[in-house]
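J.: Sequence first, then the predicted structure, then my questions.
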Amino acid sequence: MVPNAKITLTQSGTTPSREVVSGSDGQFIFINVPPGPFQLAVTATGFAAKQQSGVLQPGQNYVFPEIQMAIALAVLDIDVKVQPVEVAEEEIHVEEKQRILGMIPNYFVSYTPNAVPLIKKQKFELAWKSTIDPVSFGLAGVVAGIEQGTNSLSGYGQGAQGYAKRFGATYADFAIGTFVGSAILPSILKQDPRYFYKGTGSKKSRLLYALANAVICKGDNGHWQPNYSNMLGGLAAGAISNLYYPSSDRTGASVTFENAMIGIGGTAAGAVVQEFFIRKLTPHAPPPVPDNY
(Lines give C-alpha, C1' and ligand atoms only; values in the text may rest on other atoms or scores of the structure.)
Protein backbone atom coordinates (compact mmCIF):
# COMPACT_ATOMS: atom_id res chain seq x y z
CA MET A 1 0.00 0.00 0.00
CA VAL A 2 1.04 3.58 -0.57
CA PRO A 3 1.28 6.18 2.23
CA ASN A 4 -1.46 8.79 2.77
CA ALA A 5 -4.08 6.71 0.99
CA LYS A 6 -7.70 7.14 2.03
CA ILE A 7 -9.42 3.89 3.02
CA THR A 8 -13.21 3.81 3.34
CA LEU A 9 -14.89 0.90 5.18
CA THR A 10 -18.51 0.17 4.33
CA GLN A 11 -20.81 -2.48 5.85
CA SER A 12 -24.40 -3.07 4.83
CA GLY A 13 -27.02 -2.47 7.51
CA THR A 14 -24.56 -0.91 9.97
CA THR A 15 -23.40 2.56 10.90
CA PRO A 16 -22.25 4.98 8.17
CA SER A 17 -18.99 4.28 6.39
CA ARG A 18 -15.73 4.96 8.23
CA GLU A 19 -12.51 6.42 6.87
CA VAL A 20 -8.85 6.30 7.83
CA VAL A 21 -5.60 7.39 6.18
CA SER A 22 -2.68 5.02 5.77
CA GLY A 23 0.56 5.88 7.55
CA SER A 24 3.97 6.57 6.07
CA ASP A 25 4.52 2.82 5.83
CA GLY A 26 1.18 2.28 4.09
CA GLN A 27 -0.39 0.53 7.11
CA PHE A 28 -3.90 1.26 8.41
CA ILE A 29 -6.29 -0.12 11.05
CA PHE A 30 -10.00 -0.04 11.85
CA ILE A 31 -11.08 -0.86 15.42
CA ASN A 32 -14.38 -2.11 16.83
CA VAL A 33 -15.60 -3.37 13.47
CA PRO A 34 -18.82 -5.42 13.73
CA PRO A 35 -18.58 -8.96 12.27
CA GLY A 36 -20.02 -9.56 8.84
CA PRO A 37 -19.33 -8.68 5.18
CA PHE A 38 -17.48 -5.46 4.45
CA GLN A 39 -16.06 -3.47 1.54
CA LEU A 40 -12.93 -1.36 1.40
CA ALA A 41 -12.43 1.49 -1.09
CA VAL A 42 -8.85 2.73 -1.39
CA THR A 43 -7.98 6.00 -3.14
CA ALA A 44 -4.70 7.87 -3.41
CA THR A 45 -3.43 10.75 -5.53
CA GLY A 46 -1.83 9.50 -8.72
CA PHE A 47 -3.17 5.96 -8.35
CA ALA A 48 -6.24 4.17 -9.65
CA ALA A 49 -8.97 3.50 -7.06
CA LYS A 50 -9.01 0.00 -5.59
CA GLN A 51 -11.94 -2.01 -4.26
CA GLN A 52 -11.56 -4.91 -1.82
CA SER A 53 -14.11 -6.96 0.09
CA GLY A 54 -14.11 -9.59 2.83
CA VAL A 55 -16.06 -11.16 5.72
CA LEU A 56 -15.09 -10.51 9.36
CA GLN A 57 -15.86 -13.38 11.68
CA PRO A 58 -16.81 -12.81 15.36
CA GLY A 59 -13.67 -12.28 17.47
CA GLN A 60 -11.42 -12.24 14.38
CA ASN A 61 -8.59 -9.78 13.72
CA TYR A 62 -8.74 -9.51 9.97
CA VAL A 63 -5.37 -8.89 8.34
CA PHE A 64 -5.51 -7.79 4.71
CA PRO A 65 -2.78 -8.95 2.37
CA GLU A 66 -0.81 -6.11 0.78
CA ILE A 67 -3.04 -4.03 -1.47
CA GLN A 68 -1.38 -3.28 -4.79
CA MET A 69 -2.19 0.16 -6.23
CA ALA A 70 -1.91 0.77 -9.96
CA ILE A 71 -0.67 4.10 -11.26
CA ALA A 72 -3.56 6.07 -12.77
CA LEU A 73 -3.41 6.80 -16.47
CA ALA A 74 -3.35 10.52 -17.14
CA VAL A 75 -6.31 11.78 -19.14
CA LEU A 76 -5.57 14.88 -21.16
CA ASP A 77 -8.20 17.01 -22.84
CA ILE A 78 -6.55 18.32 -25.98
CA ASP A 79 -8.38 21.07 -27.78
CA VAL A 80 -7.08 21.15 -31.34
CA LYS A 81 -7.78 24.43 -33.06
CA VAL A 82 -7.01 24.99 -36.72
CA GLN A 83 -6.13 28.58 -37.52
CA PRO A 84 -8.40 30.26 -40.12
CA VAL A 85 -5.40 31.11 -42.30
CA GLU A 86 -4.57 27.39 -42.52
CA VAL A 87 -8.15 26.54 -43.52
CA ALA A 88 -8.04 29.27 -46.18
CA GLU A 89 -4.76 27.87 -47.49
CA GLU A 90 -6.34 24.44 -47.94
CA GLU A 91 -9.27 26.01 -49.76
CA ILE A 92 -6.85 27.85 -52.07
CA HIS A 93 -5.12 24.58 -52.91
CA VAL A 94 -8.49 23.22 -54.03
CA GLU A 95 -9.27 26.35 -56.07
CA GLU A 96 -5.88 26.18 -57.80
CA LYS A 97 -6.88 22.79 -59.24
CA GLN A 98 -10.02 24.21 -60.82
CA ARG A 99 -9.60 24.45 -64.59
CA ILE A 100 -12.30 24.86 -67.20
CA LEU A 101 -12.15 21.88 -69.56
CA GLY A 102 -9.14 20.84 -67.50
CA MET A 103 -7.06 23.69 -68.99
CA ILE A 104 -8.21 27.28 -68.33
CA PRO A 105 -7.61 28.51 -64.74
CA ASN A 106 -10.77 29.09 -62.73
CA TYR A 107 -9.11 30.10 -59.49
CA PHE A 108 -11.31 32.95 -58.33
CA VAL A 109 -14.39 30.82 -57.73
CA SER A 110 -15.29 29.20 -54.42
CA TYR A 111 -17.74 26.32 -54.30
CA THR A 112 -17.75 26.61 -50.49
CA PRO A 113 -20.30 29.35 -49.66
CA ASN A 114 -18.87 30.01 -46.20
CA ALA A 115 -15.22 29.83 -47.19
CA VAL A 116 -12.73 31.37 -44.78
CA PRO A 117 -11.70 34.94 -45.80
CA LEU A 118 -8.31 35.25 -47.45
CA ILE A 119 -5.48 37.20 -45.90
CA LYS A 120 -3.57 39.73 -48.01
CA LYS A 121 -0.82 37.27 -48.90
CA GLN A 122 -3.33 34.71 -50.16
CA LYS A 123 -5.12 37.24 -52.38
CA PHE A 124 -1.83 38.11 -54.02
CA GLU A 125 -0.98 34.40 -54.28
CA LEU A 126 -4.12 33.70 -56.32
CA ALA A 127 -3.51 36.73 -58.53
CA TRP A 128 0.13 35.79 -59.11
CA LYS A 129 -0.59 32.17 -59.99
CA SER A 130 -3.38 33.23 -62.31
CA THR A 131 -1.19 35.70 -64.23
CA ILE A 132 1.83 33.40 -64.62
CA ASP A 133 -0.20 30.39 -65.72
CA PRO A 134 0.90 29.26 -69.21
CA VAL A 135 -2.70 29.37 -70.40
CA SER A 136 -2.85 33.07 -69.55
CA PHE A 137 0.11 33.72 -71.86
CA GLY A 138 -1.48 31.55 -74.54
CA LEU A 139 -4.79 33.42 -74.41
CA ALA A 140 -2.95 36.74 -74.59
CA GLY A 141 -1.21 35.47 -77.68
CA VAL A 142 -4.51 34.50 -79.31
CA VAL A 143 -6.07 37.89 -78.54
CA ALA A 144 -2.98 39.69 -79.89
CA GLY A 145 -3.23 37.66 -83.09
CA ILE A 146 -6.87 38.64 -83.55
CA GLU A 147 -6.02 42.29 -82.94
CA GLN A 148 -3.18 42.01 -85.45
CA GLY A 149 -5.55 40.53 -88.04
CA THR A 150 -8.15 43.27 -87.52
CA ASN A 151 -5.47 45.96 -87.18
CA SER A 152 -6.83 46.90 -83.77
CA LEU A 153 -4.56 49.37 -81.93
CA SER A 154 -3.24 50.39 -85.32
CA GLY A 155 -0.62 52.61 -83.71
CA TYR A 156 1.41 49.49 -82.97
CA GLY A 157 1.84 48.77 -86.67
CA GLN A 158 2.14 45.33 -88.24
CA GLY A 159 4.76 42.62 -88.46
CA ALA A 160 6.51 40.86 -85.57
CA GLN A 161 7.09 44.11 -83.73
CA GLY A 162 3.43 45.07 -83.94
CA TYR A 163 2.38 41.63 -82.72
CA ALA A 164 4.82 41.80 -79.81
CA LYS A 165 3.44 45.17 -78.74
CA ARG A 166 -0.13 43.91 -78.96
CA PHE A 167 0.80 40.82 -76.99
CA GLY A 168 2.48 42.92 -74.31
CA ALA A 169 -0.48 45.27 -74.08
CA THR A 170 -3.01 42.43 -73.91
CA TYR A 171 -1.07 40.60 -71.22
CA ALA A 172 -0.53 43.87 -69.30
CA ASP A 173 -4.29 44.55 -69.39
CA PHE A 174 -4.94 41.11 -67.93
CA ALA A 175 -2.18 41.23 -65.30
CA ILE A 176 -2.97 44.78 -64.15
CA GLY A 177 -6.69 44.08 -64.02
CA THR A 178 -6.11 40.91 -62.03
CA PHE A 179 -3.73 42.43 -59.50
CA VAL A 180 -5.62 45.70 -59.04
CA GLY A 181 -9.14 44.22 -58.95
CA SER A 182 -8.38 40.89 -57.27
CA ALA A 183 -5.42 41.57 -54.95
CA ILE A 184 -4.50 45.21 -54.32
CA LEU A 185 -7.93 46.78 -53.85
CA PRO A 186 -9.43 43.71 -52.08
CA SER A 187 -6.51 43.86 -49.64
CA ILE A 188 -6.95 47.58 -49.01
CA LEU A 189 -10.75 47.44 -48.82
CA LYS A 190 -10.84 44.07 -47.02
CA GLN A 191 -13.02 42.39 -49.65
CA ASP A 192 -13.01 38.87 -51.02
CA PRO A 193 -12.15 38.75 -54.76
CA ARG A 194 -13.79 35.36 -55.34
CA TYR A 195 -17.17 34.50 -56.81
CA PHE A 196 -19.12 32.31 -54.38
CA TYR A 197 -21.08 29.72 -56.33
CA LYS A 198 -24.71 29.47 -55.19
CA GLY A 199 -25.88 26.35 -57.01
CA THR A 200 -29.21 26.06 -55.13
CA GLY A 201 -32.62 27.69 -55.36
CA SER A 202 -34.71 28.61 -58.37
CA LYS A 203 -33.12 29.64 -61.66
CA LYS A 204 -34.44 33.16 -61.14
CA SER A 205 -32.87 33.50 -57.70
CA ARG A 206 -29.56 32.18 -59.00
CA LEU A 207 -29.68 34.55 -61.99
CA LEU A 208 -30.32 37.57 -59.78
CA TYR A 209 -27.59 36.44 -57.40
CA ALA A 210 -25.06 36.13 -60.23
CA LEU A 211 -25.95 39.52 -61.74
CA ALA A 212 -25.73 41.20 -58.35
CA ASN A 213 -22.20 39.91 -57.87
CA ALA A 214 -20.95 42.48 -60.36
CA VAL A 215 -21.72 45.22 -57.84
CA ILE A 216 -21.68 43.40 -54.48
CA CYS A 217 -19.18 41.06 -52.90
CA LYS A 218 -18.35 39.41 -49.61
CA GLY A 219 -16.21 41.40 -47.26
CA ASP A 220 -13.51 39.78 -45.16
CA ASN A 221 -15.99 40.11 -42.29
CA GLY A 222 -18.34 37.71 -44.11
CA HIS A 223 -20.95 40.37 -44.86
CA TRP A 224 -22.12 41.43 -48.30
CA GLN A 225 -21.10 44.94 -49.37
CA PRO A 226 -20.66 47.09 -52.51
CA ASN A 227 -18.01 45.60 -54.77
CA TYR A 228 -15.73 48.62 -54.82
CA SER A 229 -12.77 46.43 -55.76
CA ASN A 230 -14.33 45.42 -59.06
CA MET A 231 -15.75 48.83 -59.92
CA LEU A 232 -12.66 50.85 -59.02
CA GLY A 233 -10.39 48.16 -60.42
CA GLY A 234 -11.90 48.60 -63.86
CA LEU A 235 -11.35 52.34 -63.72
CA ALA A 236 -7.77 51.97 -62.50
CA ALA A 237 -6.86 49.37 -65.13
CA GLY A 238 -8.34 51.54 -67.88
CA ALA A 239 -6.44 54.59 -66.72
CA ILE A 240 -3.14 52.70 -66.47
CA SER A 241 -3.55 51.25 -69.97
CA ASN A 242 -3.21 54.77 -71.36
CA LEU A 243 0.44 54.65 -70.35
CA TYR A 244 1.27 51.98 -72.93
CA TYR A 245 -1.46 52.18 -75.57
CA PRO A 246 -0.61 54.03 -78.81
CA SER A 247 -1.42 57.73 -78.52
CA SER A 248 -4.04 57.36 -81.23
CA ASP A 249 -5.84 54.69 -79.20
CA ARG A 250 -5.69 56.26 -75.75
CA THR A 251 -9.01 57.08 -74.17
CA GLY A 252 -10.14 60.13 -72.28
CA ALA A 253 -11.79 60.13 -68.87
CA SER A 254 -15.29 59.72 -70.28
CA VAL A 255 -14.30 56.70 -72.37
CA THR A 256 -12.45 55.22 -69.40
CA PHE A 257 -15.63 55.46 -67.32
CA GLU A 258 -17.64 54.03 -70.19
CA ASN A 259 -15.25 51.08 -70.50
CA ALA A 260 -15.43 50.55 -66.75
CA MET A 261 -19.21 50.30 -66.95
CA ILE A 262 -18.87 47.85 -69.83
CA GLY A 263 -16.45 45.89 -67.64
CA ILE A 264 -19.02 45.70 -64.85
CA GLY A 265 -21.50 44.32 -67.36
CA GLY A 266 -18.93 41.80 -68.46
CA THR A 267 -18.39 40.75 -64.84
CA ALA A 268 -22.14 40.21 -64.45
CA ALA A 269 -22.27 38.12 -67.62
CA GLY A 270 -19.26 36.12 -66.47
CA ALA A 271 -20.92 35.45 -63.11
CA VAL A 272 -24.02 34.12 -64.87
CA VAL A 273 -21.85 31.79 -66.95
CA GLN A 274 -20.09 30.68 -63.76
CA GLU A 275 -23.35 30.01 -61.98
CA PHE A 276 -25.02 27.96 -64.71
CA PHE A 277 -22.34 26.47 -66.94
CA ILE A 278 -18.71 26.59 -65.81
CA ARG A 279 -18.96 24.19 -62.91
CA LYS A 280 -20.07 21.44 -65.28
CA LEU A 281 -16.94 22.09 -67.33
CA THR A 282 -14.55 22.10 -64.34
CA PRO A 283 -13.44 18.51 -63.61
CA HIS A 284 -11.86 19.13 -60.19
CA ALA A 285 -14.58 21.38 -58.82
CA PRO A 286 -15.69 20.10 -55.39
CA PRO A 287 -19.36 19.26 -54.84
CA PRO A 288 -21.39 22.37 -53.91
CA VAL A 289 -22.26 22.90 -50.25
CA PRO A 290 -25.85 24.09 -49.64
CA ASP A 291 -26.12 27.43 -47.90
CA ASN A 292 -28.76 29.99 -47.13
CA TYR A 293 -28.42 33.33 -48.86
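T.: All right, it came through fine.
J.: how far does stretch 45-57 stretch from start to finish?
T.: End-to-end span of stretch 45-57 (Cα to Cα, to the nearest Å): 32 Å.
J.: Residues contacting it, please?
T.: 2, 4-5, 33-43, 62, 64, 67-73 (Cβ atoms under 8 Å, 6 or more residues apart in numbering). Backbone N, C-alpha and C define where each C-beta goes, glycine included.
J.: mind listing what's buried in that stretch?
T.: Phe47, Lys50, Leu56 (16 or more other Cβ atoms under 10 Å).
J.: And it, how far out from the chain middle?
T.: Stretch 45-57 sits 53 Å away from the centroid of its parent chain (Cα atoms, centre = their mean, to the nearest Å).
J.: Likewise for stretch 219-233?
T.: How far stretch 219-233 lies from its chain's middle: 19 Å, per Cα atoms, centre = their mean.
J.: what does it rub up against?
T.: Contact with stretch 219-233 is made by 114, 117-118, 177, 180-182, 185-186, 189-193, 213-218, 260, 264, 267, as judged by Cβ under 8 Å, 6+ apart.
J.: which non-adjacent residue is nearest Tyr156?
T.: Of all residues not flanking Tyr156 in the chain, Lys165 sits nearest, at 4.1 Å (Cβ to Cβ, 6 or more residues apart in numbering).
J.: cool, and Ala271?
T.: Ala210 is the one closest to Ala271 (Cβ to Cβ, 6+ apart), at 4.0 Å.
J.: Identify each buried residue in the helix of greatest length in the chain, please.
T.: When the chain is parsed with DSSP state H, its longest helix is helix 253-276. Burial within helix 253-276, assessed by neighbour count using 16+ other Cβ under 10 Å, is assigned to Thr256, Asn259, Ala260, Gly263, Ile264, Thr267, Ala268, Ala271, Val272, Gln274, Glu275.
J.: pretty sure the first one is in contact with Ile240, am I right?
T.: The reference is to Thr256. No - using Cβ atoms under 8 Å as the test, Thr256 is too far from Ile240 to be in contact (10.0 Å).
J.: Please, where are all the strands along the stretch 151-293 of the chain?
T.: Applying DSSP state E, counting those that start in this stretch to the stretch 151-293 of the chain gives strands spanning 195-196, 216-218, 224-226.
J.: and of those strands, who's closest to Pro286?
T.: For these, proximity to Pro286 was assessed by Cβ to Cβ; strand 195-196 is nearest, at 13.0 Å.
J.: neighbouring contacts of that closest one?
T.: Phe108, Val109, Ser110, Thr112, Pro113, Ala115, Asn213, Lys218, Ala271, Gln274.
J.: Return the closest of those residues with respect to Thr251.
T.: For the contacts of strand 195-196, the nearest to Thr251 is Ala271 (25.4 Å; Cβ to Cβ).
J.: contacting residues for that closest one?
T.: Ala271 touches Tyr195, Ala210, Leu211, Asn213, Ala214, counting by Cβ under 8 Å, 6+ apart.
J.: Pro58 too?
T.: Contact analysis of Pro58 by Cβ under 8 Å, 6+ apart lists Pro35.
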